[in-house]
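# just a sequence and a predicted model for now, questions to come.
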Amino acid sequence: MAARAALVSLARILLEEVLDVVQQCIFFKPSFEIKSLHRNTILLLSFLDDFPGEAGDYEARIAIVADKAHDVIRYNISGKRIPLRYESLHCFPQAVHRVILAFRIRTLHLELHKYNREIGNFCHEVMLKKSKIENMRSISGSKPSSHIKEDIIVGFEEDLMEIKGRLFGKPSKLQITPIVGMGGIGKTTLAAYVHDDPLSVYHFDVRAFVTVSQKYNEWGILSEILCLIDASKQHQGKSDEELKTQIYQFLKGKRYLIAMDDIWSTNVWDDVQRIFPDDSNGSRIIITTRELDIALYVAPLRHHHEMHLISVDQSWNLLKKKVFAEEHCPPELEEIGKLIARNCGGLPLAIVVIAGVLAKVRMQETWINIAENVKETVNASDGRYSEILSLSYAHLPHHLRPCFLYIGGFPGSYEINASNLIRLWAAEGFLTSDESKDMEELGDEYLEDLAKRSLVLIDKKRYNGKIRAVKMHDLLRDLCLNRARDEKFIHVINEFSGSFPEGIEKSQRVSVFSKVWGSFPDMDGSAIHTILLFHHWSFDFWKIFKLLRVVHAISFSFSSFYDISELIHLRYLAFKIECTKKRLRFGVPETFYRLQNLETLIIVIDVEGNPGSLKFDVWRFPQLRHLILLDGSLHCHFSKYCPEDTSALENLHTLSRIKGFACSQKILQTMQNLKKLGIVYSYEDLYESGWSKYGLNNLVHLCKLEKLSIYAEPYPNLKNDVSQNLGFPATLIRLSLSGCRFPWGDMRIVGSLPNLQVLKLKRRACYGTEWETIEGEFDQLRVLLIDTTDLHHWATESCPFPRLERLTLYNCQNLREIPCGIGEIPTLQLIEVDIQNSSVVESAESLKEEQESFGNDLQVRRLKSRSWRM
């Protein structure tokens with residue numbers, strides 16, 4: 001059959017010679033035209049396979065067009081032209097190769113447009129013919145056997161293209177592709193789809209799809225694989241080793257595709273990997289798993305494919321297809337249907353389950369009710385859904401279970417700061433440090449582990465790849481809360497209530513999301529040791545909670561410190577303190593120092609809606625690890641109470657927004673484990689004597705300091721002596737300067753820091769109109785932000801910032817242009833510029849165009865306002 005042979009050849013060359021090349025080259029993404037042509041080719045192949053003999057006159061025309069498209073590709077990638085493959089261009093410099101490669105992809109894109117349009121027209125015509133055939137067959141009571149189920153893969157089109165590229169492209173050696181994602185996200189659907197794809201049937205000599213699951217049995221999996229690949233073989237009574245030998249011998253010399261679904265342990269791979277011969281003939285293995293560590297174990301070079309939640313539009317398209325099939329959605333149901341799709345949170349399994357309910361009843365009132373109760377509807381309608389998600393919890397190690405359940409205590413869709421979550425875990429006793437790592441490092445590992453197991457969604461990442469913030473999918477969180485309730489782990493109050501629920505005093509932890517009026521029941525003998533407040537609470541009698549260890553109440557305003565001074569077991573306290581302008585600077589009462597177990601103290605100081613200042617004796621809290629002000633500043637009487645014992649503050653890791661900090665050697669010796677330091681200097685602090693009296697040169701003695709932030713009130717007449725009176729430890733990774741008026745000419749001091757990765761210069765942090773950066777400076781810098789500066793001219797020599805990934809320029813009104821050398825940095829991914837300075841915007845766009853001509857993907861983002869905390 002000429003048409004089928006031509007389409008198979010076209011599909012294979014697109015995957016093996018074009019998409020494979022583009023995907024291996026980091027400078028390009030597959031063009032729309034190429035992906036569209038491949039998708040249409042597969043669709044036509046499916047039609048010819050499902051309806052043999054029905055194509056009629058189209059076959060000859062399809063064969064001609066497919067052959068011509070094949071020839072165009074072949075001409076562009078071989079023969080007279082220079083081959084696309086990077087490794088074949090040893091005689092060309094790398095830059096020249098990039099230009100050639102860019103030109104070649106664009107040429108191919110343009111030349112394929114005509115043929116893709118023709119093949120697209122064929123697709124439209126055969127789809128009409130397919131519809132007529134199916135209608136006739138439905139009348140006669142028979143159904144076609146269809147491999148392509150369009151409704152199943154809605155939202156997975158990009159995933160499908162990538163997996164197919166790996167299956168049918170290079171290399172010829174055996175390749176394993178793990179598919180990773182949370183339960184219900186579509187891993188099994190995707191793996192089954194590519195396994196059954198017509199091109200897979202044609203391409204591979206042997207195929208098998210086996211489900212492993214948590215209840216893994218080695219003999220059972222081996223016998224199932226053998227039955228699927230060779231039904232004639234006897235497996236009863238055979239040992240594991242005999243089965244392995246039979247499978248290996250049968251697969252030897254054949255091109256095979258084996259899909260192993262739902263793997264929960266690396267032991268599975270250890271048991272079976274020897275049965276798969278590598279004859280360098282293009283054989284492939286797909287595994288699906290929820291756990292990233294398993295994927296990395298099976299494919300250590302990070303060749304895994306990560307599934308993501310589908311978009312709102314994709315969710316609605318999937319819901320429509322599952323509910324209405326080929327019918328149109330009634331107009332009165334469309335908006336409410338879109339809301340239901342949105343409330344499924346992009347999880348395909350939830351959409352499929354709820355579609356099964358919606359398909360049975362198409363009344364607007366019922367749909368409105370379902371939209372308001374999506375989680376309840378999904379959980380009630382299909383027990384499989386809860387079972388699928390529950391498996392992840394059942395497989396959790398015991399040390400991670402309380403960490404997971406604790407996240408359920410945060411409101412739905414809440415952005416959870418990773419550092420603060422880890423501090424809460426530490427205060428709860430979930431983290432046990434040892435000599436090799438502290439609690440913060442251990443907490444990072446725990447959170448990464450939960451993310452790798454697809455139990456939390458990474459919302460933001462730090463510059464170094466670590467997690468900055470997480471969220472939990474609403475439907476997974478519902479499972480989490482059910483477990484937490486069953487285990488009496490945490491009691492969540494998330495609806496308006498006139499009083500507290502009965503039995504709440506028996507809970508260990510309480511989380512409040514909504515207003516609750518009235519008083520607590522009798523607290524004698526109460527077990528409550530944690531209160532998380534995310535909404536205003538009218539209750540003030542804190543002393544009745546005698547066992548409280550954790551209070552997180554940033555949204556709650558305390559009228560004084562006396563309310564909590566009797567909670568002597570507190571390890572973690574986060575709250576807002578209100579005061580009037582008359583008490584703009586006030587001290588902590590003596591009774592507050594009873595809280596000798598405090599490890600984390602987070603305070604917002606609110607002076608009639610504005611940040612205020614607080615006098616505080618940090619030395620009085622020997623267990624303190626983190627002292628953080630989210631607004632306001634602290635007056636710490638260091639010299640008055642500084643003890644002779646140099647280990648007085650050895651536990652202190654974080655000290656932020658300290659007002660007028662005088663860094664004497666004696667003081668710094670007591671906090672040698674300090675990792676994060678933030679200092680605030682007012683105009684009055686610096687006006688008379690400048691920077692010299694604050695001993696900032698002594699900061700070099702903080703040999704574990706990683707993050708330093710210095711804020712000075714910007715004022716043009718400040719003494720310009722900061723660079724002579726400021727020293728930086730070599731351990732510094734992040735540096736933020738604001739209003740300091742550090743001379744641009746002295747920035748070589750900062751540039752010489754060997755570990756500096758993030759530099760933020762804000763609100764005239766630097767002084768002068770010219771800055772020259774030279775080779776050898778800022779060797780490790782990855783992020784550079786300049787916000788508000790008098791800089792006019794920025795010059796670079798050779799290749800500065802060799803590892804820079806992100807550059808942000810905001811309110812740089814006098815800057816003429818971004819240096820050309822910045823555009824030559826190979827690691828640069830993003831330039832952010834504000835729209836006020838048109839010359840800087842044009843400069844950034846010019847660098848972007850230049851990089852695109854070389855095939856680099858440099859992004860330029862125009863800023864209308866600040867997107868970072870000042």
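Everything's here; your move. Residues are numbered from 1 along each chain as shown.
# tell me which stretches of the stretch 351-500 of the chain form strands.
416-417, 457-461, 467-471, 491-493 (DSSP state E, counting those that start in this stretch).
# the first one pairs with which strands?
It stands for strand 416-417. strand 467-471 (antiparallel) (DSSP bridges).
# buried residues in the partner strand?
467, 469-471 (16 or more other Cβ atoms under 10 Å). C-betas here are computed from N, CA, C, even on glycine.
# let me have these in CSV, extended by pLDDT and distance to residue 167.
Listed next are the buried residues of strand 467-471 as CSV, based on pLDDT from 0 to 100; distance: Cβ to Cβ, whole Å:
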residue, pLDDT, distance to residue 167
467, 92, 32
469, 93, 35
470, 92, 33
471, 89, 33
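# closest to residue 731 among those residues?
If you rank these by distance to residue 731 using Cβ to Cβ, residue 467 comes first, at 22.1 Å.
# return the set of residues that bridge with that closest one.
Beta bridges link residue 467 to residue 461, judged by DSSP bridges.
# contacts only, for it.
418, 444, 447-448, 451, 458, 460-461 (Cβ atoms under 8 Å, 6 or more residues apart in numbering).
# the residues you listed, buried ones only, as a PyMOL selection?
Of the contacts of residue 467, the buried ones go into a single PyMOL selection, burial set by 16+ other Cβ under 10 Å:
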select buried, resi 418+444+447+448+451
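# pairing partners for the helix or strand that contains residue 601, with directions?
If you go by DSSP states H and E, residue 601 is part of strand 600-607. According to DSSP bridges, strand 600-607 has the following sheet partners: strand 572-579 (parallel), strand 610-611 (antiparallel), strand 626-631 (parallel).
# of those, give the one that comes closest to residue 208.
Distance to residue 208, taken as Cβ to Cβ, is lowest for strand 572-579 among those, at 52.6 Å.
# what's the closest non-adjacent residue to residue 508?
What sits nearest to residue 508 in space, not counting adjacent residues and going by Cβ to Cβ, 6 or more residues apart in numbering, is residue 527, at 5.4 Å.
# ah, wrong one, I meant residue 548
In space, and not counting its chain neighbours, residue 548 is closest to residue 567: 4.9 Å by Cβ to Cβ, 6+ apart.
# neighbours of the one you found, how many?
Around residue 567 sit 20 other residues, with neighbours defined as other Cβ atoms under 10 Å.
# is residue 663 in a helix, a strand, or coil?
Of the three states, residue 663 takes coil under DSSP: H, G, I helix; E, B strand; the rest coil.
# which ones are touching it?
694-696, 698-699.
# again with residue 41
With the criterion set at Cβ under 8 Å, 6+ apart, residue 41 makes contact with 7, 10-11, 14, 66, 119.
# residue 447 now?
Residues in contact with residue 447 (Cβ under 8 Å, 6+ apart) are 403, 418, 421-422, 456, 467, 470.
# and it, how far from residue 430?
Taking Cβ to Cβ, to the nearest Å as the measure, residue 447 and residue 430 are separated by 11 Å.
# hey, what's in contact with both of the two?
residue 403.
# from memory residue 14 sits against residue 34, does it?
Yes: using Cβ atoms under 8 Å, residue 14 is in contact with residue 34, at 6.6 Å.
# more neighbours: the two, which one.
The neighbour comparison of residue 14 against residue 34 (other Cβ under 10 Å) goes to residue 14, with 27 against 20.
# confirm that that one sits in a helix.
Yes: secondary structure of residue 14 (three-state DSSP): part of a helix.
# which of the buried residues of strand 467-471 lies closest to residue 860?
For those, the nearest to residue 860 is residue 469 (25.2 Å; Cβ to Cβ).
# so that closest one touches residue 456, yeah?
No: counting by Cβ under 8 Å, residue 469 does not reach residue 456; the two are 10.1 Å apart.
# list the ones among the contacts of residue 41 that fall in helices.
Applying DSSP state H to the contacts of residue 41, the entries found in helices are 7, 10-11, 66, 119.
# on that earlier part again, what is in contact with residue 14 and residue 34 at once?
In contact with both residue 14 and residue 34: no residue, using Cβ under 8 Å, 6+ apart.
# just the helices in the stretch 751-870 of the chain please.
Assigned by DSSP state H, counting those that start in this stretch, the helices in the stretch 751-870 of the chain fall at 838-853.
# so where's the stretch 551-700 of the chain uncertain?
558-563, 579-587, 606-613, 631-646 (pLDDT under 70).
# let's see that with 80 instead.
Within the stretch 551-700 of the chain, the ranges that satisfy pLDDT under 80 run 555-565, 577-589, 605-616, 630-648, 683-690.
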